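Peer 1: coords please:
(one chain, ligands or ions: 2)
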Amino acid sequence: MIKLGVPSKGRLMEKTFDWFGQRGVTLSRSGAEREYAGQVEGVEGLELVLLSAGEIPRELAAGRINLGVTGSDLVREKLANWDTHVSELALLGFGHADLIIAVPDVWVDVETLDDLDAVAAQFRADHGHRLRIATKYHRLVREHLRDTGVADYQLVDSQGATEGTVKNETAEAVADITSTGETLRANHLRVLSGEPVHRSQATLFRSLSAPMTKEDRTNLAQLMDVLGLQDAR
Ligand SMILES: Nc1ncnc2c1ncn2[C@@H]1O[C@H](COP(=O)(O)OP(=O)(O)OP(=O)(O)O)[C@@H](O)[C@H]1O
Ligand SMILES: O=P(O)(O)OC[C@H]1O[C@H](OP(=O)(O)OP(=O)(O)O)[C@H](O)[C@@H]1O
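Peer 2: Ligands and ions are numbered 1, 2, ... in the order given. Down below sits the predicted model:
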């Protein structure tokens, strides 16, 4: 069987079900509401596996699932050299969110990353420690700041409610996902101008390492046909 990993709850799950359903592949949660088992109708040889969105990158890289839907941000964050582990089969057109860097509203002189770099050096001189940026996206933020030449900072880990860290004085800035911008506004934070660290959306990935039988290959080719997709790799 080809294993397809899909987020087990929330909007990502529902919109993924809709996306496949519109293409003639019916995915559903089977059994009791809280049971994480799935059902597939409309194609042969496909098994639905319901997983946490955050675990899907690792399962793809380990080859325990053949296909997986999750945010493009999570694959890039969780997998070093992500494109050696998975290929992108389709951008699904939902789950849009930008990974951004934001500073307190009151930092009126800080509009760009260059400005942040300038205050970071001054901050270290004044406070004796580096400016703290709270995030759960360590890899993506580190790479982005390296590429843009910002050096005098430290990342502090925040696995949730990241926008609260500035008020709580555990960080001076944040790097987090935003869609409507409401959480940032409510916490008196402002996004730096310029390109976001990453523009994320829900994406269908294929594992480059998951084992497949001859029958799996035939079934995958049929699924790709039904979905109207082509695999570049
Ligand atoms: N406010 C938002 N609007 C749109 N997409 C979002 C938003 N917040 C997070 N996302 C996206 O949803 C995906 C899943 O995010 P996250 O890891 O927070 O999921 P979760 O629901 O907490 O899942 P789990 O805890 O089960 O892993 C990510 O790709 C992220 O970019
Ligand atoms: O721009 P907005 O529409 O306000 O959305 C942004 C918020 O959504 C996400 O949080 P989520 O609800 O996933 O919870 P989290 O704090 O656990 O990440 C993200 O971390 C932001 O906090």
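Peer 1: isn't T16 up against G93?
Peer 2: No. In terms of C-beta atoms under 8 Å, T16 does not count as a neighbour of G93; the distance is 11.3 Å. To be clear about C-beta, it is placed using only N, CA and C from the backbone, and glycine gets the same treatment.
Peer 1: show me which of those two is the more surrounded one.
Peer 2: When neighbours are counted by other C-beta atoms under 10 Å, T16 comes out ahead of the other of T16 and G93, with 22 against 11.
Peer 1: quick one: pLDDT of the more buried one?
Peer 2: Residue-level confidence at T16 comes out at 98, pLDDT.
Peer 1: in which helix or strand does it reside?
Peer 2: helix 10-21 (DSSP states H and E).
Peer 1: ditto for E44
Peer 2: Element membership for E44 (DSSP H and E) is empty, with no helix or strand holding it.
Peer 1: can you tell me how far the closest residue to it other than its chain neighbours is from ligand 2?
Peer 2: Across the structure, with C-beta to C-beta, 6 or more residues apart in numbering as the measure, the residue nearest E44 apart from its sequence neighbours is N219 (5.6 Å). The spacing between N219 and ligand 2, counted by C-beta to the nearest ligand atom, to the nearest Å, is 34 Å.
Peer 1: now do N219 against W82, distance only.
Peer 2: 25 Å (C-beta to C-beta, to the nearest Å).
Peer 1: picking that back up, convert the helix holding T16 to PDB, retaining C-alpha atoms only.
Peer 2: What follows is helix 10-21 as a C-alpha-only set of coordinates in PDB (Å, rounded to 0.1, in the frame of the first residue of the first chain):
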ATOM      1  CA  GLY A  10      -8.300  21.300  12.000                       C
ATOM      2  CA  ARG A  11      -8.500  23.300   8.900                       C
ATOM      3  CA  LEU A  12      -5.500  21.600   7.300                       C
ATOM      4  CA  MET A  13      -7.200  18.200   7.500                       C
ATOM      5  CA  GLU A  14     -10.500  19.400   6.200                       C
ATOM      6  CA  LYS A  15      -9.100  21.400   3.300                       C
ATOM      7  CA  THR A  16      -6.900  18.500   2.400                       C
ATOM      8  CA  PHE A  17      -9.900  16.200   2.300                       C
ATOM      9  CA  ASP A  18     -11.700  18.800   0.100                       C
ATOM     10  CA  TRP A  19      -8.700  19.100  -2.200                       C
ATOM     11  CA  PHE A  20      -8.500  15.300  -2.800                       C
ATOM     12  CA  GLY A  21     -12.400  15.000  -2.900                       C
END
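Peer 1: please consider this matter closed, and thank you.
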